[in-house]
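# need a 3D model of the following:
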Amino acid sequence: MKAQAGILESDGAGQAEQKLRSSVAKLVSETHEARWVAEQLRPLVGLAGEGASVERAGEAFPAWRRFLEGLADLRPLVLVLEDLHWADAATLAATSFLLRAVRDQRTMKIVLYPDGVP
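As a prediction, the model looks like this:
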């Protein structure tokens, strides 16, 4: 997510926020929807906010899906999910939701975990 938005580790919170909103605006044309998507993506780029609460996960998943669909609409998308053996139940639920949600998009999904891990 950070790479897609062009967010660097050296960026401050304000700069990261601006880059995130700009990246989302390129993919989601409706202003209100773009603000909603950006708010839900904030935790994924290290920014705190409303989107970070566990109770809002039901709202975050569709926002993440909308972002990925926007990317896939522009060009084929490769999703690389690493170290899933460390994932907790909530992360696995999010991963499963997103992989199913973008199955009809132009995507390649690569899921990595150590050999011998179910």
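
# return the set of buried residues in the host helix or strand of residue 65.
Assigned by DSSP states H and E, residue 65 falls within helix 57-74. Of the residues in helix 57-74, 60, 61, 63, 64, 65, 66, 67, 68, 69, 70, 71, 72 count as buried by neighbour count, 16 or more other Cβ atoms under 10 Å. From N, CA and C alone the C-beta is placed, and that goes for glycine too.

# now for that helix, which elements pack on it?
In terms of contact count using 3 or more Cβ pairs under 8 Å, 6 or more residues apart in numbering; DSSP states H and E, helix 57-74 is assigned the packing partners helix 13-27, helix 31-41, strand 77-81, helix 89-101.

# deepest-packed of these, please.
With neighbours taken as mean count of other Cβ atoms under 10 Å, these reach their highest mean count in helix 31-41, at a mean of 18.

# residue contacts, the spatially most central residue of the chain?
With distances taken as Cα atoms, centre = their mean, residue 64 lies nearest the centre of the chain, 4.6 Å away. By Cβ atoms under 8 Å, 6 or more residues apart in numbering, the contact set of residue 64 is 40, 41, 44, 94, 98.

# returning to what we had before: ok, of the buried residues of helix 57-74, which one's closest to residue 7?
Out of the buried residues of helix 57-74, the one with the shortest distance to residue 7 is residue 67. That distance is 13.9 Å, counting by Cβ to Cβ.

# which residue sits closest to the closest one, ignoring its sequence neighbours?
Closest residue in space to residue 67, ignoring its immediate chain neighbours: residue 37 at 5.6 Å, by Cβ to Cβ, 6 or more residues apart in numbering.
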